[in-house]
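**Q** Give me the fold of what follows.
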Amino acid sequence: MNATIHAIAEQCSQPNAGLQEQALLQLRPYIEGFLDTNWLEGELNKYRNWASKNSDPFLQRSLLHRPAGFNILVASIRAARDWESICGVDSSFGPPGGARWLTRVASSLAVLEHHADHLLDSEARQHLRQRLQEPRQQVWGVIHELHTFAFFVRKGAKVEPHFLRKASSQELTVHWHGVGIPVQCKVKPPGSGRIIPQDVFTDLACRIARDAKASGRRLLVRIGSSGPIREEDVEFLRDQVPKGIGSGMGAALVTNRGRTFSVRSELLSGQFTVETISGYLSSFGFHIGMIVGEPEPAGNVFNAVAVVGIQANLNEKKRAWYSLLRSIQDGARQLRNGSPGMITIYFADPVRDFEDLCPVPGQMRVLIGKRIDQYPYVGAVIPASEPDLQSPRAGFPGHVSIYYRKPWPFPNDFLCNEPS
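**A** Here you go, the predicted structure:
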């Protein structure tokens, strides 16, 4: 760890730590140093080849557009490198959301190395490297553990990162004034609790937006579905739009591998601002939607380039609720027979309000409280989520909440609105 990264790690170990955007210039090569060079360059080449036919640099830099299941670290490194090439010419160009995403992961890794360097022997580094390079959804586990470690360090606690050992069944122990508090980290990977996975929809919407921009058209695309949209449906549905399917007087029905969808596309006109983007997208009444816009040269107004959404009447609350309860149950099983501990649950998809996961409106805290009461060795459940990169003002981290046993068995310092 060089002096610059050491200073960043010390800064990010303090309460309410923040970083200047330019720190990414040091943090990007730092996190790359934990990865196998040949593996990384090979994955970047795969990503470039895929992106040349399916994506756009803006979508990659801002939304980390990638194939469903592709390692998100690789996509964010590509976004950061791309930003660096631009800011080298135009220093006023700040890192977009996808590039900034890497800053937080790399800074959490720096905090880990700064405070647990004595544990990072060759075996631990190899284990960490393997997990950072895992495909599809598995990489989210180590990302969550890194953020959780950094969170408790910022609270002034001493933290043992058991997750550095391959054979360890424990993840973290937080030491606070002589008390050891076990922490179990659970991840809800992309699509958990959803009939239509977020990453599959994002890939589909970005491909359609890319094609619209390439053709010089501004399009509103509505896709109707009565059930799941699968990875194998993405390319099929994308191809319907440039063919003109559903661009006539009404929606057209199309079938792919036993699933029938409706497709409707029409020319789009409209503008939005940072403040109105949520309302503008909500006005279309989609079950899940995406908007891509281009900023006007002078001002904060964006011209809508593409709006893509799924029209469906799907009630996912029960599915999401049971998915959350399974994570609490799994964490409680690991904490069983020990001192009261915490379960941190990280949603790889953005969650704007955890109350939306509850099947009974306004009863999230009550129902989670009843669940915690079933486990005397669980003191708190802390859900957190990824930021919504669609929002131009996406915060890092995303939404976070805490549900705890009464009386609260841990220090009041842990009661705060910060990432798990």
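**Q** show me where pLDDT drops low in the stretch 201-350 of the chain?
**A** Applying pLDDT under 70 to the stretch 201-350 of the chain picks out residues 299.
**Q** Strands of that one, start to end?
**A** 219-224, 252-256, 259-267, 271-272, 288-295, 302-311, 341-350 (DSSP state E, counting those that start in this stretch).
**Q** Including distance to residue 31, could the ones you listed go into CSV?
**A** C-beta coordinates here come from the backbone N, C-alpha and C atoms, glycine included. What follows is these, written out as CSV (distance: least, C-beta to C-beta, whole Å):
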stretch, distance to residue 31
strand 219-224, 36
strand 252-256, 39
strand 259-267, 39
strand 271-272, 34
strand 288-295, 28
strand 302-311, 31
strand 341-350, 18
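**Q** Out of those, which is closest to residue 133?
**A** Among those, strand 341-350 comes nearest to residue 133, with 17.1 Å by C-beta to C-beta.
**Q** Show me what the closest one packs onto, helices and strands only.
**A** Other elements packing on strand 341-350 under the criterion 3 or more C-beta pairs under 8 Å, 6 or more residues apart in numbering; DSSP states H and E are helix 139-154, strand 179-188, helix 198-215, helix 317-335, strand 378-386.
**Q** just checking, what packs against the last one?
**A** For strand 378-386, the elements it packs on are helix 317-335, strand 341-350, helix 364-373, strand 403-404, judged by 3+ C-beta pairs under 8 Å, 6+ apart.
**Q** Could you single out the most deeply buried of the ones you listed?
**A** strand 341-350 (a mean of 24; mean count of other C-beta atoms under 10 Å).
**Q** The residue lying farthest from the centre of the chain and residue 264, how far apart?
**A** For the chain, the largest distance from the centre (C-alpha atoms, centre = their mean) belongs to residue 249, which lies 38.0 Å off. Using C-beta to C-beta, to the nearest Å, residue 249 is found at 10 Å from residue 264.
**Q** rewinding a little: looking at the helices and strands packed on strand 378-386, spot the one closest to residue 88.
**A** strand 341-350 (30.9 Å).
**Q** partner strands of the closest one, parallel or antiparallel?
**A** Note on strand 341-350: by DSSP bridges, its sheet partners are strand 179-188 (parallel), strand 378-386 (parallel).
**Q** These: which one's closest to residue 64?
**A** When these are ranked by proximity to residue 64 (C-beta to C-beta), strand 378-386 comes first, at 10.1 Å.
**Q** what separates the closest one from the chain centre, distance-wise?
**A** Mean C-alpha position of strand 378-386 versus that of the full chain (C-alpha atoms, centre = their mean, to the nearest Å) differs by 16 Å.
**Q** can you list contacts of it?
**A** Defining contact as C-beta atoms under 8 Å, 6 or more residues apart in numbering, one finds that strand 378-386 is touched by 147, 181, 324, 328, 331-332, 335, 340-351, 354, 368, 371-372, 397-405, 408-410, 414, 419-420.
**Q** Swap in 7 Å and give it another go.
**A** 328, 332, 335, 340-351, 354, 368, 372, 397-405, 409-410, 419-420 (C-beta atoms under 7 Å, 6 or more residues apart in numbering).
**Q** Give me the average confidence score over that strand.
**A** Averaged over strand 378-386, pLDDT sits at 91.
**Q** now do stretch 10-22
**A** 86.
**Q** Share the number of residues neighbouring residue 388, please.
**A** 18 (other C-beta atoms under 10 Å).
**Q** Distance of it relative to residue 32?
**A** Relative to residue 32, and taking C-beta to C-beta, residue 388 is found at 26 Å.
**Q** Over to residue 253?
**A** From residue 253 over to residue 32 (counting by C-beta to C-beta), the distance is 47 Å.
**Q** Just want to know which of those two has more residues nearby.
**A** Between residue 253 and residue 32, counted using other C-beta under 10 Å, the more crowded position is residue 32 (18 against 11).
**Q** Let me know whether that one touches residue 74 as I believe.
**A** No. Look at residue 32 against residue 74 with C-beta atoms under 7 Å: they stay out of range, at 10.3 Å.
**Q** So for these two, which residues contact both of them?
**A** Joint contacts of residue 32 and residue 74 (C-beta under 7 Å, 6+ apart) are residue 40.
**Q** contacting residues around residue 194?
**A** 316, 320.
**Q** Quick check: beta-bridge partners of the residue lying closest to residue 201 once chain neighbours are set aside?
**A** In space, and not counting its chain neighbours, residue 201 is closest to residue 288: 5.4 Å by C-beta to C-beta, 6 or more residues apart in numbering. Applying DSSP bridges to residue 288 yields these beta-bridge partners: residue 310.
**Q** what's around residue 288, how many residues?
**A** Residue 288: 21 neighbours (other C-beta under 10 Å).
**Q** now swap in residue 169 and tell me
**A** Neighbour tally, residue 169, other C-beta under 10 Å: 8.
**Q** ok, it to residue 346 distance?
**A** Counting by C-beta to C-beta, the gap from residue 169 to residue 346 is 19 Å.
**Q** same check, this time on residue 76
**A** Taking C-beta to C-beta, one finds residue 76 at 16 Å from residue 346.
**Q** what do you get for residue 295?
**A** 32 Å.
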